[in-house]
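Trainee: I'll drop the sequence and a predicted model, then ask my questions.
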Amino acid sequence: EAGVVQSPRYKIIEKKQPVAFWCNPISGHNTLYWYRQNLGQGPELLIRYENEEAVDDSQLPKDRFSAERLKGVDSTLKIQPAELGDSAVYLCASSFGQGNEKLFFGSGTQLSVL
Amino acid sequence: DAKTTQPNSMESNEEEPVHLPCNHSTISGTDYIHWYRQLPSQGPEYVIHGLTSNVNNRMASLAIAEDRKSSTLILHRATLRDAAVYYCILRDAYNAGNMLTFGGGTRLMVKP
């Protein structure tokens, strides 16, 4: 069974440019998460979806970040415009429900903003 | 949210057991103890979780103190592939909005 798939694996852009990350969760997983991981730190939650509804986006910087999960499957995270401080690894995870359900993570997209 | 405290780093020799400690003195009665690990250039992966009793699976064992204020992840025979950052996380299973909140974790280095 395929795991969580993210693309691209790496992205290098100049500041003020837009960028988008794509995530395909494990089939049947209705909960999807986007995390950001700065170098040397643990991942931090940006947004959580239950099916197509964003149920927790309190940590998402809404002035420049946006996300969508159309049809409750794939998801896209966008940054516009990107800033130098946005350089990080962006991780997508999915789970079958909440509670103690295991989270399955993708390999992430490493973003470098120059 | 209840917090966890872990050493920043630990070293182990290959094929020896490794005990990774975690302190969580403010744990609540409905908090489960979860462990995830993150191999280099990969996303985190689930290792094990428990509530009160010790737990075993094919990856590791989890020993939970009787007062639940600390726990230890045990790798019975460390291999070079176990070199990773290990995260100890408390998760309230009865709080629908409770997320997996990562701390800094313990970086485990395994020497051949």
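Mentor: Perfect, thanks for sending it.

Trainee: how about the residues of chain B near chain A?
Mentor: Counting by CB under 8 Å from any CB of the partner chain, the residues of chain B close to chain A are B:32, B:34, B:36, B:41-46, B:49, B:85, B:87, B:91, B:93-94, B:96-105. Just so you know, the C-beta spots here come from the backbone N, C-alpha and C atoms, and that holds for glycine as well.

Trainee: and residue 93, what's its pLDDT?
Mentor: By default, I'm working from chain A. What the model reports for residue A:93 is a pLDDT of 96.

Trainee: wait, chain B was what I had in mind.
Mentor: According to the per-residue confidence, residue B:93 scores 75 in pLDDT.

Trainee: quick one on the thing from earlier: which of the residues of chain B next to chain A fall in helices?
Mentor: Here DSSP state H is the test, and these give no hits in helices at all.

Trainee: out of these, which end up buried?
Mentor: The neighbour-count test (16 or more other CB atoms under 10 Å in any protein chain shown) applied to those identifies B:32, B:34, B:36, B:43-46, B:49, B:85, B:87, B:91, B:93, B:98-103, B:105 as buried.

Trainee: name the nearest residue to residue B:53, sequence neighbours excluded.
Mentor: What sits nearest to residue B:53 in space, not counting adjacent residues and going by CB to CB, 6 or more residues apart in numbering or on different chains, is residue B:64, at 7.0 Å.

Trainee: name the residues of chain A found near chain B, please.
Mentor: Residues of chain A that fall close to chain B, judged by CB under 8 Å from any CB: A:4, A:33, A:41-45, A:48, A:55-56, A:91, A:93, A:98-100, A:102-108.

Trainee: beta-bridge partners for the residue nearest to residue B:53, please?
Mentor: residue B:71 (DSSP bridges).

Trainee: quick check: residue A:15 vs residue A:110, distance?
Mentor: Here the criterion is CB to CB, to the nearest Å. By it, residue A:15 lies 16 Å from residue A:110.

Trainee: number of nearby residues for residue A:16?
Mentor: Using other CB atoms under 10 Å in any protein chain shown, residue A:16 has 10 neighbouring residues.

Trainee: state the helix or strand in which residue A:63 lies.
Mentor: Assigned by DSSP states H and E, residue A:63 belongs to neither a helix nor a strand.

Trainee: which residues sit in contact with it?
Mentor: By CB atoms under 8 Å, 6 or more residues apart in numbering or on different chains, the contact list for residue A:63 is empty.
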